[in-house]
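*Asks:* Just need the structure, nothing else, for what follows:
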Amino acid sequence: QVQLVESGGGLVQAGDSLRLSCAASGLTFSFWTMAWFRQAPGKEREFVAGIRRRSGDTDYTDSVKGRFTISRDDAKNTVYLQMNSLKPEDTANYYCAATLGTVILRSNAYDYWGQGTQVTVSS
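*Replies:* Residues are numbered from 1 along each chain as shown. The predicted model follows:
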């Protein structure tokens, strides 16, 4: 049974940092491309960052470039999202997801999802 478990969310002030973690089990982690999505109330789920299997190449949505960094540790079956200079508009529920596909920006490309971790940034 595949499980993705996120942690690290919380309530912070604008300008603060958080590191999200997503621990995977039940799959051969190194085979999977991993990503973080987020969903704010009343909005669609959006791609935040992705990291490809093998190459480790990364992609980011424009609004987080230069502030967020995605990384992975295949030995620990974990993907991370380091979030710096947080803004109130970053407030959302953050989800990690796993795909074997090559198109990583669309949520419907992903096979497995975590339950989410809430990030709230106050101004």
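
*Asks:* And the helices in this structure?
*Replies:* Under the criterion DSSP state H, the chain contains no helices.

*Asks:* got the residue ranges for the strands in it?
*Replies:* Along the chain, counting by DSSP state E, strands occupy 3-7, 10-13, 18-25, 33-39, 46-51, 58-60, 68-73, 78-83, 92-99, 112-113, 117-122.

*Asks:* Now the fifth one: buried residues?
*Replies:* If you call a residue buried by 16 or more other C-beta atoms under 10 Å, then strand 46-51 has these buried ones: 47, 48, 49, 50, 51. Just so you know, the C-beta spots here come from the backbone N, C-alpha and C atoms, and that holds for glycine as well.

*Asks:* and that strand with strand 18-25, angle?
*Replies:* 70 degrees (axes from the mean of the first three to the mean of the last three C-alpha atoms, to 10 degrees).

*Asks:* do the first one as well
*Replies:* If you take the same axes, to 10 degrees, strand 3-7 sits at 160 degrees to strand 18-25.

*Asks:* Cool, thanks, signing off.
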